[in-house]
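S.K.: heads up, no residue letters with this:
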């Protein structure tokens with residue numbers, strides 16, 4: 001068996017949880033370390049791209065998801081829901097969105113087959129948990145009261161997650 005075929009078989013054989021673990025490590029690096037976590041997180045992104053290289057259609061979806069995610073956060077910054085020291089958005093958050101979008105299709109693949117209400121529910125919970133953790137570690141400030149901000153985040157993520165999985169069905173197939 002050639003080295004190329006062996007490497008491709010190894011890539012396909014890696015379980016999805018490896019991708020999820022790499023995302024969680026990059027999340028910790030970026031939320032806790034912020035700008036100091038950018039270079040190590042970019043290294044993890046490079047590893048993910050080597051382990052799970054996207055084809056052209058999947059790459060188009062990943063770029064689309066990245067733009068949608070950044071757009072959502074920029075809207076939340078423009079409406080003062082989020083406030084960052086770096087305006088409009090810190091580099092570490094851009095890298096975090098890159099890591100998240102790369103994780104959608106493998107690490108979070110279990111969500112793809114879920115019914116839309118479950119995707120919305122999990123999206124709302126995960127979005128609130130992620131940004132609340134960022135708030136508690138001073139990675140992000142909230143411009144409104146905590147309950148209102150968390151409600152807005154929950155609503156945004158409850159729409160975003162199902163939207164991304166529905167978009168993947170069109171763009172990555």
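M.R.: Received, thanks. In this text the structure is predicted, and so the values were computed from the model without any measurement. Residues are numbered from 1 along each chain as shown.
S.K.: contacts only, for the nearest residue to residue 62 once chain neighbours are set aside.
M.R.: Nearest residue to residue 62, sequence neighbours excluded (CB to CB, 6 or more residues apart in numbering): residue 101, at 5.0 Å. Just so you know, the C-beta spots here come from the backbone N, C-alpha and C atoms, and that holds for glycine as well. By CB atoms under 8 Å, 6 or more residues apart in numbering, the contact set of residue 101 is 62, 65, 66, 69.
S.K.: any chance of those in a markdown table, with pLDDT, distance to residue 22 and secondary structure too?
M.R.: Shown next, in a markdown table, are the contacts of residue 101 (pLDDT from 0 to 100; distance: CB to CB, whole Å; DSSP: H, G, I helix; E, B strand; the rest coil):
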| residue | pLDDT | distance to residue 22 | secondary structure |
| --- | --- | --- | --- |
| 62 | 92 | 15 | helix |
| 65 | 96 | 17 | helix |
| 66 | 97 | 17 | helix |
| 69 | 97 | 18 | helix |
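S.K.: and of those, the nearest to residue 97?
M.R.: In terms of CB to CB, no member of the contacts of residue 101 lies closer to residue 97 than residue 69, at 4.6 Å.
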